[in-house]
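Trainee: Would you be able to build a 3D model of this:
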Amino acid sequence: MRHSLLAPLAECQTRFAVHDYDLDATLTSGQAFRWEWSDGAWEGIVGDRWVQLAFSKDSIVAVASEKTSDWTWLADYLQVEISLHPILSSFPDDVPLRAATQACRGLRLLRQEPWECLASFILSSTKQIVQIRQIIHLLCERFGELVPVPLGYQPVYAFPSAHRLAQCSEADLRDCKMGFRAPYLKAAATMVDRLDVDLASLYDLPVDEARIALMAIPGVGPKIADCVLLFAYGFQSAFPVDVWVIKALRELYFRGRRVKIQRLQRFSKSHFGPFAGYAQQYLFHYMRLQKKITAKQ
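Mentor: Numbering: from 1, shown residues only. Got it, this is the predicted structure:
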């Protein structure tokens with residue numbers, strides 16, 4: 001029988017003290033796609049590790065399937081050391097952002113592994129989050145390495161490496177229900193595997209050069225590149241402009257006018273300050289919440 005939280009050995013558990021951290025919002029805000037809510041806790045894969053997360057009394061309690069003495073990998077992924085106050089204080093004092101920060105208080109950005117982040121957002125093109133999750137689940141199940149899990153849990157798999165996916169045929173990838181995205185994913189895997197695009201080197205580049213490097217990959221436009229720059233590399237000036245963000249900017253800042261995307265991009269670069277990427281995520285999640293509220297009325 002499964003319980004809401006495991007009762008592991010001390011070597012398999014840790015606790016991160018946090019302030020202003022909404023774990024639920026962070027894991028469901030469209031920046032990562034491998035977290036599942038199960039019996040009162042979140043279960044997911046970070047790299048090649050299974051982990052269970054739960055929020056309890058200003059702390060995030062983490063349980064791993066194996067003993068570990070170094071939790072840096074998870075602390076970095078969750079960005080638990082980041083103070084939210086200076087980030088929110090840097091936002092322009094306007095009505096839309098005040099509403100977004102109030103509605104989404106505690107929303108954080110994760111720091112993901114670059115290849116998984118890149119591949120995931122290639123697969124996200126024109127798809128809703130539930131569909132993206134399904135595609136990634138199939139991809140990991142068929143081509144990922146088995147990950148150790150606690151006794152009694154269903155098998156789970158790590159995200160497939162670029163090397164593994166580069167060896168797949170386009171038909172193999174299409175079997176994971178990704179449709180027209182298959183050749184783009186295969187091309188990306190091949191380029192990353194061959195180091196035609198060296199993902200590790202992008203940390204040290206200026207953001208504009210890193211963006212150009214990512215956009216050399218077929219199927220990677222400004223939006224996907226900026227998602228990777230923000231969610232994997234932590235470039236705070238990256239401001240992904242997708243359908244939800246376009247909707248937010250037009251409705252909240254331009255009174256519903258059909259302003260061209262190029263103008264919205266210029267506006268976002270000049271208006272949102274040094275943590276523009278964080279502001280984008282608040283606006284993105286806020287618009288999704290508003291849609292859910294409206295749908296219930």
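Trainee: For the protein, just list every one of the helices.
Mentor: For the chain, the helices defined by DSSP state H occupy 23-27, 72-78, 84-89, 95-103, 114-123, 129-143, 162-166, 170-174, 182-193, 207-215, 222-231, 243-253, 261-271, 276-296.
Trainee: Let's see the first one as PDB, backbone CA atoms only.
Mentor: The reference is to helix 23-27. What follows is helix 23-27, C-alpha atoms only, in PDB (Å, rounded to 0.1, in the frame of the first residue of the first chain):
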ATOM      1  CA  LEU A  23       5.900  24.500  -5.000                       C
ATOM      2  CA  ASP A  24       2.600  23.600  -6.600                       C
ATOM      3  CA  ALA A  25       2.600  26.600  -8.900                       C
ATOM      4  CA  THR A  26       6.300  26.200  -9.700                       C
ATOM      5  CA  LEU A  27       5.900  22.600 -10.900                       C
END
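Trainee: Off-centre distance for that helix?
Mentor: From the chain centre to the centre of helix 23-27 is a distance of 11 Å (CA atoms, centre = their mean, to the nearest Å).
Trainee: what number of residues lie near the residue nearest to residue 215 when sequence neighbours are not counted?
Mentor: Spatial nearest neighbour of residue 215, excluding adjacent residues (CB to CB, 6 or more residues apart in numbering): residue 225 at 5.2 Å. (Glycine included, C-beta is placed from N, CA and C.) By the criterion of other CB atoms under 10 Å, residue 225 has 23 neighbours.
Trainee: want to throw the helices of the chain into TSV with mean pLDDT?
Mentor: Listed next are these as TSV, based on pLDDT from 0 to 100:
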stretch	mean pLDDT
helix 23-27	96
helix 72-78	98
helix 84-89	96
helix 95-103	95
helix 114-123	98
helix 129-143	96
helix 162-166	98
helix 170-174	97
helix 182-193	98
helix 207-215	98
helix 222-231	97
helix 243-253	91
helix 261-271	91
helix 276-296	86
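Trainee: To residue 65, which of these lies closest?
Mentor: When these are compared by CB to CB, helix 72-78 sits nearest residue 65, at 12.7 Å.
Trainee: just how off-centre is the closest one within its chain?
Mentor: For helix 72-78, the distance to the chain centre is 14 Å (CA atoms, centre = their mean).
Trainee: So which elements touch that helix?
Mentor: Other elements packing on helix 72-78 under the criterion 3 or more CB pairs under 8 Å, 6 or more residues apart in numbering; DSSP states H and E are strand 13-17, strand 41-46, strand 49-55.
Trainee: can you list the residues that contact that helix?
Mentor: 14, 16, 26, 46-47, 49, 51, 60, 62, 81, 108, 110-112 (CB atoms under 8 Å, 6 or more residues apart in numbering).
Trainee: Quick check on these: which are buried?
Mentor: In terms of neighbour count (16 or more other CB atoms under 10 Å), the buried residues within the contacts of helix 72-78 are 14, 16, 26, 46, 49, 51, 60, 62, 108, 110-112.
Trainee: Can you tell me which of the residues you listed comes closest to residue 171?
Mentor: For the buried ones among the contacts of helix 72-78, the nearest to residue 171 is residue 112 (28.3 Å; CB to CB).
Trainee: show me the contacts for that closest one.
Mentor: 31-32, 77, 231-232.
Trainee: List just the nearest of the residues you listed to residue 165.
Mentor: residue 232 (17.0 Å).
Trainee: I'd say that closest one and residue 118 touch.
Mentor: Yes: if you go by CB atoms under 8 Å, residue 232 and residue 118 touch, sitting 7.2 Å apart.
Trainee: related to what we said a few turns ago, got the contacts of residue 112 as JSON lines, with neighbour count and distance to residue 42 columns?
Mentor: Shown next, in JSON lines, are the contacts of residue 112 (neighbours: other CB atoms under 10 Å; distance: CB to CB, whole Å):
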{"residue": "31", "neighbour count": "23", "distance to residue 42": "14"}
{"residue": "32", "neighbour count": "20", "distance to residue 42": "11"}
{"residue": "77", "neighbour count": "19", "distance to residue 42": "12"}
{"residue": "231", "neighbour count": "25", "distance to residue 42": "17"}
{"residue": "232", "neighbour count": "25", "distance to residue 42": "20"}
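Trainee: measure stretch 205-221 end to end?
Mentor: 18 Å (CA to CA, to the nearest Å).
Trainee: buried set for that stretch?
Mentor: Buried, per 16+ other CB under 10 Å, within stretch 205-221: 205, 207, 210-211, 213-215, 217, 219-220.
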